[in-house]
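Visitor: A predicted structure for the sequence below; I have some questions about it.
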Amino acid sequence: RNKMKKQLLIAAVAATMGTAVIADVSITGNAKYEYFNTERTTVVDTNESNTEVNLKVTGKTGDTAVVTNFEFSNQSAADGGAAGMDIEDMYITTKVGMVNVKAGNWALGTTALAGEIDNGGRTTSKYDLSTTISGVKVYAGMGDQGTTATATGLSDLNTNMYYGVSIPVSGWTVQLKNNDQFDEAYGISGEVAGLGVRLEQKSNDQAGEDDVTFGHLTYSVNNIDLAYAWLDSDVDGMITEDDSAIFAVENNSQGKSNAQISAKTTIAGNTITVKAGKIGHAEAGLNDDDYAQISGSRALASGATATVTYTDKDDRATGDNTNDTQVLELDLSVNF
């Protein structure tokens, strides 16, 4: 009988250990179905759809974590019928003394410094070292170590290295970053009297020394979230972000500026957002592109969220003042 008790105790401990190991691996994600009806003044109307599932798998042991983000997508035949899987992020984080180490492949996102200016494309063979000293974050790293035009097979460290600091100052955050051998970025964000402020600038030291500025002001009054955002560069093509979290229509390397006002509120359980803006061009003979967007979303009892978005935009960069595009988008999404 005592032997049986010992065996049961060993089995219970083993089961507990197995549960602990499993608990160190987590899977989260989201999924959405998108339907697009696009009407163009000079082009045949289209109906397209896309199904996308994103899975984030995280494994942990001590201070070390391994993260992999998978994207599964399937587009309608009208949109090329493409289907497949993409490993978007794959990296390791750990600690060496006071230094945080991150190595692999990841995107910075639009909330990062200059994230609404530059496309935060994922690069391979990247690493980042950071630490915090008296509240000041100091970091340095290297992006994709590819080849140079002058020395095939060799990497130019100056081209790919970056370093920067993030400094808290009386409730504000001041950031300075050397992106690579040509670009620098500066930013300040915080709040004053209820007004949220985010201001950033990217400076290029190459011929012409062109700059790009980004600003985002937010203020809430009577259950309405108001915002004004703008981008302005010295020349066309310097604003490369194509997945903005703020602008209804991204520049995506088109034009030199973008200015948008927006308002968001909740009515009878529905979140309503209205945005209106204009993309400007520096090149002579090109017209500004006006756009407007209204969207409504609602959380369903099933746990999913339904969103309807209507976007009306001008495609007048070529000087054709009659070419307009209207897009009706229906989304059904869920987080898990």
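Guide: Arrived safely, thanks for sending. Residues are numbered from 1 along each chain as shown.
Visitor: rest of the way, CA atoms for contacts and neighbours
Guide: Noted.
Visitor: Nearest residue to the middle of this protein?
Guide: residue 109 (3.3 Å; Cα atoms, centre = their mean).
Visitor: Surely that residue and residue 115 touch.
Guide: Yes - contact criterion Cα atoms under 8 Å: residue 109 and residue 115 qualify, at 5.9 Å.
Visitor: Using the three-state scheme, assign the residue nearest to the centre of the chain.
Guide: When classified by DSSP: H, G, I helix; E, B strand; the rest coil, residue 109 comes out as coil.
Visitor: Can you name the residues that contact it?
Guide: Residue 109 sits next to 115, 120 when contact means Cα atoms under 8 Å, 6 or more residues apart in numbering.
Visitor: Quick check: it vs residue 212, distance?
Guide: 18 Å (Cα to Cα, to the nearest Å).
Visitor: go on, residue 241?
Guide: With Cα to Cα as the criterion, residue 241 and residue 212 are 12 Å apart.
Visitor: Which neighbours do these two have in common?
Guide: Contacts common to residue 241 and residue 212, judged by Cα under 8 Å, 6+ apart, are residue 117.
Visitor: How about residue 28, nearest residue that isn't a chain neighbour?
Guide: Spatially, and ignoring its direct neighbours in sequence, residue 28 is nearest to residue 56 (5.2 Å; Cα to Cα, 6 or more residues apart in numbering).
Visitor: Please tell me how far the helix or strand where that neighbour lies is from the chain's geometric centre.
Guide: For residue 56, the element it lies in under DSSP states H and E is strand 46-61. Strand 46-61 sits 15 Å away from the centroid of its parent chain (Cα atoms, centre = their mean, to the nearest Å).
Visitor: name the helices or strands packed onto the helix or strand just after it?
Guide: As assigned by DSSP H and E, the chain's next helix or strand after strand 46-61 is strand 64-75. Here strand 64-75 touches strand 46-61, strand 83-96, going by 3 or more Cα pairs under 8 Å, 6 or more residues apart in numbering; DSSP states H and E.
Visitor: Now for residue 269, how many residues are close by?
Guide: Residues near residue 269, counting by other Cα atoms under 10 Å, number 11.
Visitor: distance of it from residue 40?
Guide: With Cα to Cα as the criterion, residue 269 and residue 40 are 33 Å apart.
Visitor: repeat for residue 219
Guide: For residue 219, the distance to residue 40 - Cα to Cα - is 35 Å.
Visitor: what does residue 297 give?
Guide: For residue 297, the distance to residue 40 - Cα to Cα - is 25 Å.
Visitor: Report the spatially nearest residue to residue 40, omitting neighbours in sequence.
Guide: residue 325 (4.6 Å).
Visitor: wait, I meant residue 168
Guide: With Cα to Cα, 6+ apart, the residue lying closest to residue 168 is residue 174, at 6.3 Å.
Visitor: Across the sheet, point out what pairs with the one you found.
Guide: Counting by DSSP bridges, residue 174 forms beta bridges with residue 167, residue 188.
Visitor: same question, residue 104
Guide: Residues in beta-bridge contact with residue 104 (DSSP bridges): residue 91, residue 126.
Visitor: Next, the contact list for it, please.
Guide: By Cα under 8 Å, 6+ apart, the neighbours of residue 104 are 89-92, 124-127.
Visitor: Take these and write them to TSV, including pLDDT and distance to residue 265.
Guide: Putting these into TSV (pLDDT from 0 to 100; distance: Cα to Cα, whole Å) gives the following:
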residue	pLDDT	distance to residue 265
89	91	34
90	94	37
91	95	38
92	97	39
124	68	40
125	77	43
126	87	40
127	91	41
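Visitor: Could you turn the buried ones of those into a PyMOL selection?
Guide: In PyMOL, a selection of the buried entries from the contacts of residue 104 looks like this (16 or more other Cα atoms under 10 Å):
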select buried, resi 89+90+91+92+124+126+127
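Visitor: ok, the contacts of residue 104 vs residue 275, which is closest?
Guide: Using Cα to Cα, residue 89 comes nearest to residue 275 of those, at 30.9 Å.
Visitor: Make sure the residue nearest to residue 40 is actually in contact with residue 312.
Guide: Yes - between residue 325 and residue 312 there is a contact under Cα under 8 Å: 5.9 Å.
Visitor: which regions of the protein sit below the pLDDT cut-off?
Guide: Residue ranges of the chain with pLDDT under 70: 1-23, 76-82, 121-124, 144-159, 206-209, 285, 316-322.
Visitor: re earlier: neighbours around the residue nearest to residue 40, how many?
Guide: 18.
Visitor: measure it to residue 48 for me?
Guide: In terms of Cα to Cα, residue 325 sits 15 Å off from residue 48.
Visitor: repeat for residue 258
Guide: 27 Å.
Visitor: neighbour count winner among the two?
Guide: Shown here are residue 258 and residue 48; by other Cα under 10 Å, residue 258 has more neighbours (25 against 17).
Visitor: I'd like the distance between the more buried one and residue 306.
Guide: From residue 258 to residue 306 the distance is 28 Å (Cα to Cα).
Visitor: Before I go, just wanted to say thanks for your time.
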